[in-house]
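return atomic coordinates for the entry below.
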Amino acid sequence: MALARKDILCISSIDWDFIWQGHQEIMATLAAAGNRVLFVENTGVRRPRLSDLPRLRHRLRNWWRGVMGFRQERERLYVYSPLVLPFPYSRLARWVNRRVLVRGLQRWMRATGFARPIVWTFLPTPLVTDVLRELEPELVIYYCIDDLSASSPQARRIGRSEEQLLRQADLVFVTSAALRERVARFTDRVHLFPFGVKYQAFEEVRVADDGIPRELQALPRPVAGYVGGVHRWVDQDLLATVAESLPDVSFVLVGPEQTDVSTLRRPPNVHFIGARPHPDVPRFIKGFDVALVPYRVSDYTASVYPTKLNEYLAMGVPVVATDIPEIRRFNRDHGDVVAVAGDADAFRHAVRASIDDKSADAEARRIAIAKANSWEARIAAMGWLVEAALAQKRTAARTWEDSLRGLYRRTRRRLVRTVVIAAAVYLAIFETPLLWMVGAPLRVAEPPRAADAIVVFAGGVGESGKAGGGYQERVKEAIDLYRRGHAPAVIFSSGYVYALKEADVMRDLAIANGIPASAILLERNAANTYQNVLFVRRMLDERGWRRVLLVSSPYHMRRAVLTARTVAPEIAVVAVPASSSQFYAHHRGATLDQVRGILHEYAAIAAYWWRGWI
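The predicted structure follows:
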């Protein structure tokens with residue numbers, strides 16, 4: 001292989017621990033050849049479904065077992081399991097994910113000296129185009145292995161970003177003629193490279209004397225086998241019909257169940273082996289009498305090149321497939337080596353004929369075809385194309401003046417982007433009601449009713465950050481409630497001292513406004529809301545009081561009520577915030593102090609939840 005001693009960033013459409021496919025094979029081969037490879041696991045092409053929960057849990061485990069998601073899988077090969085918002089076409093999620101992904105990559109690249117890598121992507125999502133713009137790679141390779149826009153209704157939205165990537169990429173590899181035809185509308189730098197087979201590994205198993213796996217030994221022969229994920233593109237109706245019509249044949253599926261397989265569980269001669277490590281795959285195929293490619297015919301499979309095809313042939317096993325375009329093309333190139341069936345009856349006849357065909361010449365021909373389609377040959381050819389593209393870019397390198405101008409242009413773009421974002425944030429916070437919409441859940445207010453006492457939590461420095469700020473408004477509310485006869489007693493709670501004890505100042509203000517001293521109780525020790533509730537609760541318990549009107553700042557009420565429900569659940573709390581607040585007075589926008597006040601309350605609620613106080 002020509003390609004060596006390069007830094008390669010692979011943006012994969014599957015995870016490293018998923019079924020072994022071309023993604024892992026290519027990158028493992030490149031790493032073994034002396035290149036450094038960072039394999040970025042799938043960031044998604046659609047929103048997650050409930051069935052994706054195991055995969056999401058697996059991603060979290062992968063992130064946790066690495067260093068901020070990064071881990072070394074083998075020599076010169078590293079894997080990154082990023083945690084991103086699973087909404088690939090949301091502008092907000094894209095904005096967040098771009099920063100998370102780019103910053104994570106840049107930090108790792110600085111730490112490892114991973115400079116100006118070759119980016120080899122299997123994904124054409126908007127997030128990928130954002131990453132390419134930020135990283136400025138030496139070369140961009142897009143390996144288009146599926147028509148992703150046909151894979152799901154959500155993924156249809158990928159078309160625009162894929163077109164952008166196709167025009168930007170220095171090289172485009174495709175796995176099928178249908179993909180080459182579609183891609184050629186946007187670029188002439190496209191090359192056909194169907195997935196191959198690790199021929200030597202399969203050859204060693206084929207000629208070895210050791211037996212087939214125990215799971216196959218226990219089944220009646222002959223065996224018709226399938227290797228790969230049992231996904232929604234497997235034609236279950238066809239396979240079940242064929243299995244029922246051939247009761248003497250054991251139909252075996254080796255791979256994870258990725259969809260509902262109840263249809264295939266109906267025939268008693270269909271057996272599910274489950275996922276197996278990729279090194280074990282040759283041994284299972286060796287135990288097949290005939291191998292199957294039972295894909296549904298659809299827009300998606302019209303461009304699919306079955307990875308397993310060359311693996312089957314490398315073991316000399318006859319293959320029966322449904323009538324999908326890439327199988328027809330394969331037969332045109334290699335002389336009808338695969339039996340193609342257009343319906344269930346033809347599939348049944350092809351399976352029976354393949355089982356009966358024991359021709360040594362046919363077996364040798366299959367093996368020779370697989371050898372010509374080996375990964376070794378594929379990756380070597382890709383490597384030469386990559387080296388040629390790099391050499392061409394170096395020859396056409398810009399002068400230092402162009403480089404400097406480009407640097408200034410990028411700096412200006414970043415500056416403009418930063419200014420626009422800062423201006424948008426400023427206008428949203430300080431010139432619109434956004435902050436008050438965000439703060440609305442903090443407000444709790446109920447109609448006052450008869451209670452045992454009016455409890456006032458003083459502010460200390462409170463939301464204003466200034467001593468004595470806000471206590472007058474709370475005392476005034478308590479005075480009004482007392483005068484209207486809602487409760488016979490008032491409790492002022494504050495341990496704050498500023499020249500004088502705040503609780504004493506509140507008491508004196510209440511007395512000066514007509515509340516009898518005998519109706520006032522003081523709690524002078526509380527330093528925060530939790531202690532306010534805890535210490536006042538003791539006073540209420542001593543007197544057998546069970547209902548209170550709670551007075552505090554409007555945007556402090558949510559935290560106060562939540563704390564009271566946790567610390568003093570036996571006390572009925574009626575939230576009656578101060579009816580007016582000078583600090584929170586506003587027309588439309590907010591001041592910087594008000595922003596701090598609202599953020600402080602949300603941060604305090606989070607801290608209280610963490611401590612178990614709410």
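
for the closest residue to Gln217 other than its chain neighbours, grab the count of nearby residues.
Closest residue in space to Gln217, ignoring its immediate chain neighbours: Gly211 at 6.9 Å, by CB to CB, 6 or more residues apart in numbering. (C-beta placed from N, C-alpha, C; glycine too.) Residues near Gly211, counting by other CB atoms under 10 Å, number 11.

do a quick rundown of the strands in the stretch 251-400 of the chain.
Using DSSP state E, counting those that start in this stretch, the strands found in the stretch 251-400 of the chain span residues 270-272, 290-293, 319-322, 339-341.

could you do the stretch 1-150 of the chain as well?
For the stretch 1-150 of the chain, applying DSSP E, counting those that start in this stretch gives strands covering 7-11, 36-40, 70-74, 77-80, 118-121, 139-144.

JSON lines for these, including mean pLDDT and mean neighbour count?
Formatted as JSON lines, those follow (pLDDT from 0 to 100; neighbours: other CB atoms under 10 Å):
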{"stretch": "strand 7-11", "mean pLDDT": "95", "mean neighbour count": "25"}
{"stretch": "strand 36-40", "mean pLDDT": "96", "mean neighbour count": "24"}
{"stretch": "strand 70-74", "mean pLDDT": "93", "mean neighbour count": "15"}
{"stretch": "strand 77-80", "mean pLDDT": "94", "mean neighbour count": "22"}
{"stretch": "strand 118-121", "mean pLDDT": "96", "mean neighbour count": "24"}
{"stretch": "strand 139-144", "mean pLDDT": "95", "mean neighbour count": "23"}
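
kindly reformat these as TSV and extend each row with distance to Arg611.
Output for the strands of the stretch 1-150 of the chain, formatted as TSV (distance: least, CB to CB, whole Å):
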stretch	distance to Arg611
strand 7-11	41
strand 36-40	37
strand 70-74	32
strand 77-80	34
strand 118-121	45
strand 139-144	49
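
closest to Val207 out of those?
Among these, strand 70-74 comes nearest to Val207, with 26.8 Å by CB to CB.

closest one to Ile421 among the strands of the stretch 251-400 of the chain?
Comparing the strands of the stretch 251-400 of the chain by their distance to Ile421 (CB to CB), the top pick is strand 290-293, with 50.3 Å.

mind listing what that closest one pairs with, with the direction of each?
As defined by DSSP bridges, the strand partners of strand 290-293 come to strand 223-227 (parallel), strand 319-322 (parallel).

what would the ones you listed look like in JSON lines with mean neighbour count, distance to Leu500 and mean pLDDT?
Output for the strands paired with strand 290-293, formatted as JSON lines (neighbours: other CB atoms under 10 Å; distance: least, CB to CB, whole Å; pLDDT from 0 to 100):
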{"stretch": "strand 223-227", "mean neighbour count": "23", "distance to Leu500": "82", "mean pLDDT": "96"}
{"stretch": "strand 319-322", "mean neighbour count": "25", "distance to Leu500": "88", "mean pLDDT": "96"}
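
JSON lines please, covering the ones you listed and showing distance to Ile19.
Conversion of those to JSON lines gives the following (distance: least, CB to CB, whole Å):
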{"stretch": "strand 223-227", "distance to Ile19": "9"}
{"stretch": "strand 319-322", "distance to Ile19": "19"}
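
would you mind saying which of the ones you listed lies nearest Tyr426?
For Tyr426, the closest of the strands paired with strand 290-293 is strand 223-227, at 58.0 Å, according to CB to CB.

residues in contact with that closest one?
216, 234, 239, 246, 249-255, 281, 284-285, 287-294, 308, 311-312, 320, 351, 355 (CB atoms under 8 Å, 6 or more residues apart in numbering).

can you give me the strands for the stretch 501-614 of the chain?
520-523, 547-551, 572-575.

so which of these gets nearest Ala606?
Ala606 sits nearest to strand 572-575 of all those, at 20.3 Å, using CB to CB.

how about that closest one, which residues are buried there?
Neighbour counts over strand 572-575 (16 or more other CB atoms under 10 Å) mark 573-575 as buried.

to Pro54, which of the strands of the stretch 251-400 of the chain lies closest?
Counting by CB to CB, Pro54 lies closest to strand 270-272 out of these; the figure is 17.1 Å.

following element in sequence after the biggest helix by length in the chain, please.
Ranked by residue count and defined by DSSP state H, the top helix of the chain is helix 400-430. Downstream of helix 400-430, the next assigned helix or strand under DSSP states H and E is helix 434-439.

out of the strands of the stretch 1-150 of the chain, which comes closest to Val340?
Smallest distance to Val340 across the strands of the stretch 1-150 of the chain (CB to CB): 24.5 Å, for strand 139-144.

and that closest one, what does it pack against?
If you count contacts as 3 or more CB pairs under 8 Å, 6 or more residues apart in numbering; DSSP states H and E, strand 139-144 packs onto strand 118-121, helix 159-168, strand 171-174, helix 375-395.

tell me the angle of it relative to strand 7-11?
30 degrees (axes from the mean of the first three to the mean of the last three CA atoms, to 10 degrees).

and the lowest mean pLDDT element among the helices and strands of this structure?
The weakest-scoring helix or strand in the chain, judged by mean pLDDT, DSSP states H and E, is helix 53-65 (a mean of 76).

buried residues in it?
Across helix 53-65, burial judged by 16+ other CB under 10 Å covers 58-59, 62-63.

how many other residues sit next to the nearest residue in space to Ala519 that is not next to it in sequence?
Distance criterion CB to CB, 6+ apart; nearest residue to Ala519, sequence neighbours excluded, is Ala489 at 5.2 Å. The tally of other residues near Ala489 (other CB under 10 Å) stands at 20.

quick check on Ala489: phi, psi?
Dihedral pair for Ala489: phi -140, psi 150, per degrees, to the nearest 10.

what distance do you get for it to Ile520?
Separation of Ala489 from Ile520 (CB to CB, to the nearest Å): 7 Å.

what of Tyr199?
Counting by CB to CB, the separation of Tyr199 from Ile520 is 91 Å.

kindly report the same for Asn310.
As judged by CB to CB, Asn310 and Ile520 stand 88 Å apart.
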